[in-house]
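> One predicted model, sequence on top.
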Amino acid sequence: MARVVVDVMPKRAILDPQGRAVVGALGRLGFAGISDVRQGKRFELEVEGDLTEERLAELRRAAETLLANTVIEDFTVRVETVGAEPA
Amino acid sequence: MARVVVDVMPKRAILDPQGRAVVGALGRLGFAGISDVRQGKRFELEVEGDLTEERLAELRRAAETLLANTVIEDFTVRVETVGAEPA
Amino acid sequence: MQKGKSMSTRIGVVTFPGSLDDRDARRAVEIAGGEAVALWHADTDLGGVDAVVLPGGFSYGDYLRCGAIARFAPIMTPVIEAARDGLPVLGICNGFQVLCESHLLPGALVRNDRRKFVCRDQPLRIENAGTAWTSAYSAGQEIVIPIKNGEGGFVADEATLDRIEAGGQVVVRYAGDNPNGSYRDIAGICNEAGNVVGLMPHPEHAVEELCGPTTDGLGFFASLLRQFVPATSP
Amino acid sequence: MTVTVDTVKYAADNPDLEQPYRELGLKDEEYARIREILGRRPTSCELAMYSVMWSEHCSYKSSKVHLRKFGDLPTETSLGKLLAGIGEQAGVVDVGQGYAVTFKIESHNHPSYVEPYQGAATGVGGIVRDILAMGARPVAVMDSLRFGPAEAPDTHRVLPGVVAGVGGYGNCLGLPNVGGEVVFDPSYAGNPLVNALCVGVLRHEDLHLAKASGVGNQVILYGAKTGGDGIGGVSVLASETFDAASGDGTSGPAKRPSVQVGDPFMEKLLIECTLELFAEDVVVGIQDLGGAGLSCATSELASAGEGGMRVWLDRVPLRDSSLAPEEILMSESQERMMAVVAPGDVEKFLAICAKWDVPATVIGEVEDTGRLTVEWQGHTVVDVPPRTVAHEGPVYERPVLRPLWQDDLQADGPDVLARPVLEEDIRAVLLQLVASANLSDRSWVTDQYDRYVLGNTVLAQPEDAGMIRVSEDTSLGVALATDCNGRYAKLDPYAGTQLALAEAYRNVAATGARPLAVTDCLNFGSPEDPGVMWQFGQATEGLADGCRTLGLPVTGGNVSFYNQTGEQAILPTPVVGVLGVIDDVATRVRHGWRTPGAEIYLLGTTREEFGGSEWAHVVHGHLGGTPPTVDLDAERALADVLIEAGRAGVVEAAHDLSDGGLAQAVVESCLSSGLGARLTLPAELGPFVALFSESSARAVVAVRTQDKQRFADLCAARGVPSTLIGVVEAGGDDAALVVGDGGTGARFHVSLAELRAAWSGTLPALYEQS
Ligand SMILES: Nc1ncnc2c1ncn2[C@@H]1O[C@H](COP(=O)(O)OP(=O)(O)O)[C@@H](O)[C@H]1O
Ligand SMILES: [Mg+2]
């Protein structure tokens, strides 16, 4: 059992209304010094069996066909390493 | 200039229709062995100046007040380390 | 409800950037016999209104989370204070989401289980006819008014759900097919005091025979006016 | 594109520099013409402007000669002169009581194939800005959609995205969606059609036009910042047949994305902000930014006014600081408007924008030089006569040739097709048609659209037309319908286009509204194909003649060419939108039955007409023969009866007959009311023809017995044939449609439950993800 994380973010050149809304709100709330925010999606996949290279390649294909809209989004696929614990 | 990443995920107990749909769709597309998927949000914040502990604490407050609804979501805040390159 | 008297009842309707049903809510108030007062998101006081409606729409585009940004608008400071002091507040759809984000109401609203926006005429059952906004109905009464939402799934943890059920805080339930996966078919709830009510369905779209499926929505606005009739009679 | 700035001076000094005009879609002779106009080679900025403005999409170079036909139509309606017509952003129609209505339909086909959600969403956003720019408050939208085969995998990608995009944008703007079409045909595989219509309401005195008049007046760009969106989108996506190569959405200079992403929240702010600017009377001229962005807005505004304008391009607020001046001029970033403002009003203008949190910047000034000049970092990068960019583009008399296959197609009539005879076979065909992709329940689509917002929606889906109360303080209403049967248009483009007009006209009249004006969206294949150009010529001819007969002006519209995959062009699809007016919305007529016992009448004449019919399509996969006879005088008489009967309250239900014929109409009136019906079909035709023929100029109505005499008199006075064909029956669990044949006395019976299951199951089964 492994966890694979797929991060999907709007392409740089593409308008990100969500991010814009968040920057504005953070400013109004007095959180200063945040020049830009991009909002994307995070998928956590629980994968059975162990992660061979083939398996990862397959998951990359899955991300490309289903999780990301590559016309307007970029994505990264990575095996979860125990990250920062919940704040 | 530093990048801080805030990941926001639905709490386990809370219905995650998107995640469920993804599991279904992956199955239909023939991507087997994915037992569970959760869909959340990823925010990339471009922060001016350097990241003191105070600054990070403040960003954590921002995440807690605005970026996540802690009634239904958990969040993590971390400084971006160069991650996996785009697939 | 005597129109003449309740005319003096002033109901504020807040317009946030991205509010859409504010005109409809004001019209509904007037048709019910009240006086609608337009409140602006940047205002810092309520202008002495007798009650407040937070209307439907997509405040700030609902880009981050429905109601998450509107909840911090300047007008919300006096609204939250007054609500805690018992001012009747009705949140419709996006307004309901704002009330949850403000923690004036428990739980939260998430993406519909069918993952699509749904607009249709929805049968509902009034569960609590004792709130500031439902006294014109009788408990168990069935009504039909439009719903239209993409993130109308009411969720909360089991303990909270049991608590609000026990406390009679479930005000309205979906009758028949549950349109969005709301836990326990919940379409609307109130706070413990019963002055703050949040509704996913849109009573303001069911106040005119000509433009709505029914006029069943009038009761929400009439309920409030009724309360004020004694207050305003000599 | 160019590294160092290509200034006018540099261009004059370096006449022989190679320029990538072909990549930008310009032909050799077009490029030569630009050099001739300027007396030198164009700068790269000028080349960008000309290339995008001379594209098919913006210049109408192939369609202009044909569209002129609409120019000779009456510019009057029964209610008065048009306040604006063809040539403006959208037509404006006087609807009485000091109110006017503006409406227009536009295509966003190719972008919706590349990125269905954003393509459809920005299609809605674009047409809404057109309406707003006339000084009107947008009050409703409609969407006319065409897809490939319902079960095709690519349709499963495109349709849900398009529908979600139309809904996602329109719902967030707070505009009710009051109608449209969803049609499936193999010819749209790989080339779906997304046509969006918007209607707006204004007081006569609020009319605004796209004019840069008043020397010294300031030019203000307001709304979203300018980014790399859809650069070359117009010329690349709309002017050349879409090829999978750009399916990654990146093409055009510097690999900028051709896809535009919409921000409906910004557009909502833009609407409220712009309406307040109008109310405060601080706007001299205004134009939306759509296809061709700043190139289009600056050259069109300048042409229409004093004829001159100076623009400081560096002042344009950018989302992406790396944009080159050429790209800024071509960018199709959404949610932007341009206004011409008197110097004294600029401060007030900017204050109102600030109130709505809408960025606004003075980027230029009106001049009387007759030139449009653009400055970049202190250099002049554009210096052109604006009319040559906006209006004096190339005009082509494309070769026209009636396709060789046309005769064979018409010769291959439906008469040879096997028809059901036995009652149970007819019953089975009825259920098969009711459940077919084109005739089944649309609510899987329309339930994703808000039809209640604004509180003035009198009629919406699934009624024959959408109807909107013009404002709360009047009972005045407008009704709108869009229609087109592409199969008819393929069999006979002239007649097929008139049938589209007739159907939209009939739909509007069925609700009790008086048809007043027309908009159209002409979707065709490649104009370089003489056969397609013949279809286009026939279609415009047919529409112009039809509008003349019915006394309707064409107030505006849009042309979309290059709708084809490889050599395979789509069915010619001239979508026609008809606008009608009703004095008292309370008298509007719905299509569902109201009271058991009411008599059901069939109005009009039924002939044996199955060419292009839904029956031939669904049961035999056959397309051939000729479409139903066009009889516009009969349409007009029928409309008069429906309108007067509605006003007088002598019909309590009315439903127009079209695809699927009488059977489909009666089934829909039953299902939307839950009431049954007992039909006794006229003997002479036989049940099959009576039920499924698609003869035009027909409708069914329900009349209570106490009104039958008044109704009969109405029909007689107009010479409209009226046949008693049945009676409305009770609802409830055993409600049913019972069909008997006056001749043989044979009959069959279908419960509403069975009909509903067949009718409403189809689209969910196709597109509902478990
Ligand atoms: N098929 C048509 N029928 C009538 N008028 C048309 C048609 N196509 C385009 N027009 C008119 O030509 C003008 C330019 O069309 P268009 O480019 O769609 O307008 P816009 O510049 O607002 O996008 C408009 O006034 C439009 O109404
Ligand atoms: Mg335009």
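Right, received. Where do you want to start? Numbering: from 1, shown residues only, chains lettered A, B, ... in the order given. Ligands and ions are numbered 1, 2, ... in the order given.
> Around ligand 2, which positions in chain D sit nearby?
By the rule Cβ under 5 Å from the ion, the part of chain D lying against ligand 2 is D:89, D:130, D:290. Every C-beta, even on glycine, is put in place using the N, C-alpha and C of the backbone.
> please redo it, this time with the cut-off set to 6 Å
Contact residues, chain D versus ligand 2 (Cβ under 6 Å from the ion): D:89, D:130, D:288, D:290.
> who does the third one bridge with?
Beta-bridge partners for residue D:288, by DSSP bridges, are residue D:337.
> isn't it right next to residue D:130, touching?
Yes. The criterion here is Cβ atoms under 8 Å, and residue D:288 meets it with residue D:130 at 5.7 Å.
> Next, show the common contact partners of these two.
Common neighbours of residue D:288 and residue D:130, counting by Cβ atoms under 8 Å, 6 or more residues apart in numbering or on different chains, are residue D:89.
> before we move on, the earlier item: just the residues of chain D next to ligand 2 now: which is nearest chain A?
residue D:290 (15.9 Å; Cβ to the nearest Cβ).
> So the longest strand seen in chain A, near chain C or not?
Across chain A, the longest stretch assigned as strand under DSSP state E is strand A:34-47. Yes. Contact between strand A:34-47 and chain C, assessed by Cβ under 8 Å from any Cβ of the partner chain, occurs at residue A:39.
> Just the angle for that strand relative to strand B:34-47, thanks.
With axes from the mean of the first three to the mean of the last three Cα atoms, to 10 degrees defining the directions, strand A:34-47 sits at 170 degrees from strand B:34-47.
> What about contact with chain B: does strand A:34-47 have any residue there?
Yes. Counting by Cβ under 8 Å from any Cβ, contacts between strand A:34-47 and chain B involve A:34-47.
> helices or strands up against that strand?
Judged by 3 or more Cβ pairs under 8 Å, 6 or more residues apart in numbering or on different chains; DSSP states H and E, strand A:34-47 is in contact with strand A:2-10, helix A:17-28, helix A:53-62, strand B:2-10, strand B:34-47.
> Of all the ones you listed, which one is nearest residue D:436?
Closest to residue D:436 of the helices and strands packed on strand A:34-47 is helix A:53-62 (Cβ to Cβ; 34.8 Å).
> Any chance you could list what contacts the closest one?
A:4, A:6, A:45, A:47, A:49, A:77, A:79, B:26, B:29, B:31, B:34, B:87.
> buried set for stretch D:101-110?
Residues D:101-110 are the ones in stretch D:101-110 that count as buried (16 or more other Cβ atoms under 10 Å in any protein chain shown).
> Pull out the CA atoms of that stretch and give them to me as PDB.
What follows is stretch D:101-110, C-alpha atoms only, in PDB (Å, rounded to 0.1, in the frame of the first residue of the first chain):
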ATOM      1  CA  VAL D 101     -34.600  44.900 -26.500                       C
ATOM      2  CA  THR D 102     -31.300  43.900 -28.000                       C
ATOM      3  CA  PHE D 103     -30.400  40.300 -28.900                       C
ATOM      4  CA  LYS D 104     -27.800  38.400 -30.900                       C
ATOM      5  CA  ILE D 105     -26.400  34.900 -31.300                       C
ATOM      6  CA  GLU D 106     -22.700  34.100 -31.900                       C
ATOM      7  CA  SER D 107     -20.700  31.000 -32.400                       C
ATOM      8  CA  HIS D 108     -17.800  29.600 -30.400                       C
ATOM      9  CA  ASN D 109     -17.400  26.300 -32.200                       C
ATOM     10  CA  HIS D 110     -13.700  25.500 -32.600                       C
END
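> circling back: just checking, which of the residues of chain D next to ligand 2 comes out lowest on pLDDT?
Across those, the smallest pLDDT goes to residue D:89, namely 82.
> burial of that one, as a residue count?
Residue D:89 has 24 neighbours, counted by other Cβ atoms under 10 Å in any protein chain shown.
> One more: residue D:687?
26.
> how near is it to residue D:613?
16 Å (Cβ to Cβ, to the nearest Å).
> try residue D:712
30 Å.
> hang on, the earlier thing: need the residues of strand A:34-47 next to chain B in JSON lines (columns: neighbour count and pLDDT).
Conversion of the residues of strand A:34-47 next to chain B to JSON lines gives the following (neighbours: other Cβ atoms under 10 Å in any protein chain shown; pLDDT from 0 to 100):
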{"residue": "A:34", "neighbour count": "18", "pLDDT": "93"}
{"residue": "A:35", "neighbour count": "10", "pLDDT": "92"}
{"residue": "A:36", "neighbour count": "16", "pLDDT": "93"}
{"residue": "A:37", "neighbour count": "24", "pLDDT": "95"}
{"residue": "A:38", "neighbour count": "21", "pLDDT": "95"}
{"residue": "A:39", "neighbour count": "23", "pLDDT": "96"}
{"residue": "A:40", "neighbour count": "19", "pLDDT": "97"}
{"residue": "A:41", "neighbour count": "18", "pLDDT": "97"}
{"residue": "A:42", "neighbour count": "20", "pLDDT": "97"}
{"residue": "A:43", "neighbour count": "25", "pLDDT": "97"}
{"residue": "A:44", "neighbour count": "18", "pLDDT": "96"}
{"residue": "A:45", "neighbour count": "26", "pLDDT": "95"}
{"residue": "A:46", "neighbour count": "16", "pLDDT": "93"}
{"residue": "A:47", "neighbour count": "21", "pLDDT": "92"}
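> ok, the closest residue to residue D:611 other than its chain neighbours - contacts?
Nearest residue to residue D:611 in three dimensions, chain neighbours excluded: residue D:625, at 3.1 Å (Cβ to Cβ, 6 or more residues apart in numbering or on different chains). With contacts defined as Cβ under 8 Å, 6+ apart, residue D:625 is in contact with D:410, D:412-415, D:491, D:610-612.
> quick one, phi/psi of residue D:625?
Torsion angles at residue D:625 (phi, psi; degrees, to the nearest 10) stand at phi 90, psi -150.
> And residue C:10, by the same measure?
Residue C:10 adopts backbone torsions of phi -100, psi 120, taken as degrees, to the nearest 10.
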